[in-house]
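>>> Sequence and predicted structure are below.
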Amino acid sequence: MCHSWQDGRVTEQGESIDKQRRAPAPRVRMSAAQRREQLITIGRQLFAERGFDATSVEEVAARAKVSKPVVYEHFGGKEGLYAVVVDREMRALLDRIATALTAGHPRELLEQAALALLDYIDEEPHGFRVLVRESPVLSSTGNFSSVMGDVAHRVEHILGAEFKSRGLDPRLAELYSQALVGMVALVGQWWQEARKPKKEMVAAHLVNLAWNGLSHLEAKPGLLTRRVR
């Protein structure tokens, strides 16, 4: 039976419409691929904020509004999720730097590589924090040091050719590549927190130190305080 408005009550039809308005919208079920991407995004943020040890499967699941078994189903556990996150960040950073090292004068390559790292730090702060945090998982092959080692290997080939053209020993290119990449990497870690000066100025000063030093290399450098043997 329908009630009238006169007795102060809504009709049954009105109650039905009101309930429909208050009812939450039905949840759209994610595909397996979408769920996996969601968990990777959440894991990336948590690992950046807390580190590997302080992040739990429970927290990942809670943020994704799923049960723990869903996380285990996709990654086998926290270690599996961490490995996927780190692998993605390593590839993303290496791709940026590899693109920067494809063509140009050696000084331009140095500029582009420094800016590629600083751009990544600026645009992907969570990803960079994941890479620079120490973790017992993948400690020798899945961290920032291993990424920079790969970059140094690429720089070594560029320096080797430059050394040959200047009459310098190309066998020392590996040493210099490690020094250059290490300098840029440490400054990048410092700039991640400092954020001053602007990244373009940071890159300019890095190149100023590195290139002006490289352009006046001595064939057989010595030390003032100890004999080089």
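Nice, thanks for sending it over.
>>> State the distance from the residue nearest the centre of the chain to Glu89.
With distances taken as C-alpha atoms, centre = their mean, the residue of the chain nearest its centroid is Gly127 (2.9 Å). Between Gly127 and Glu89 the computed distance is 4 Å (C-beta to C-beta, to the nearest Å). Every C-beta, even on glycine, is put in place using the N, C-alpha and C of the backbone.
>>> any shared contact partners between the two?
Residues touching both Gly127 and Glu89 (C-beta atoms under 8 Å, 6 or more residues apart in numbering) are Arg44.
>>> contacting residues for the residue nearest to the centre of the chain?
Going by C-beta under 8 Å, 6+ apart, Gly127 touches 44, 48, 88-89, 92-93, 120.
>>> Please repeat the previous calculation with a cut-off of 7 Å.
44, 89, 92 (C-beta atoms under 7 Å, 6 or more residues apart in numbering).
>>> Can you tell me the element it falls in?
Taking DSSP states H and E as the definition, Gly127 sits inside helix 125-132.
>>> likewise Ala33?
helix 32-50.
>>> How far away from the center of its chain is that helix?
Put simply, helix 32-50 sits 14 Å off its chain's centre (C-alpha atoms, centre = their mean, to the nearest Å).
>>> What residues of that helix count as buried?
Under the neighbour-count criterion of 16 or more other C-beta atoms under 10 Å, helix 32-50 has 35-36, 38-40, 42-48 buried.
>>> Same check on stretch 203-210?
Across stretch 203-210, burial judged by 16+ other C-beta under 10 Å covers 203, 206-207, 210.
>>> mind listing the helices in the chain by residue range?
12-22, 32-50, 57-64, 68-75, 78-100, 106-123, 125-132, 144-165, 173-194, 199-214 (DSSP state H).
>>> May I see the buried residues of the longest one?
Of all the residues in helix 78-100, those buried under the rule 16+ other C-beta under 10 Å are 78, 81-82, 84-86, 89-90, 92-94, 96-97, 100.
>>> Closest to Leu180 out of those residues?
Checking the buried residues of helix 78-100 against Leu180 by C-beta to C-beta gives Ile97 as the nearest, at 12.4 Å.
>>> All set now, cheers.
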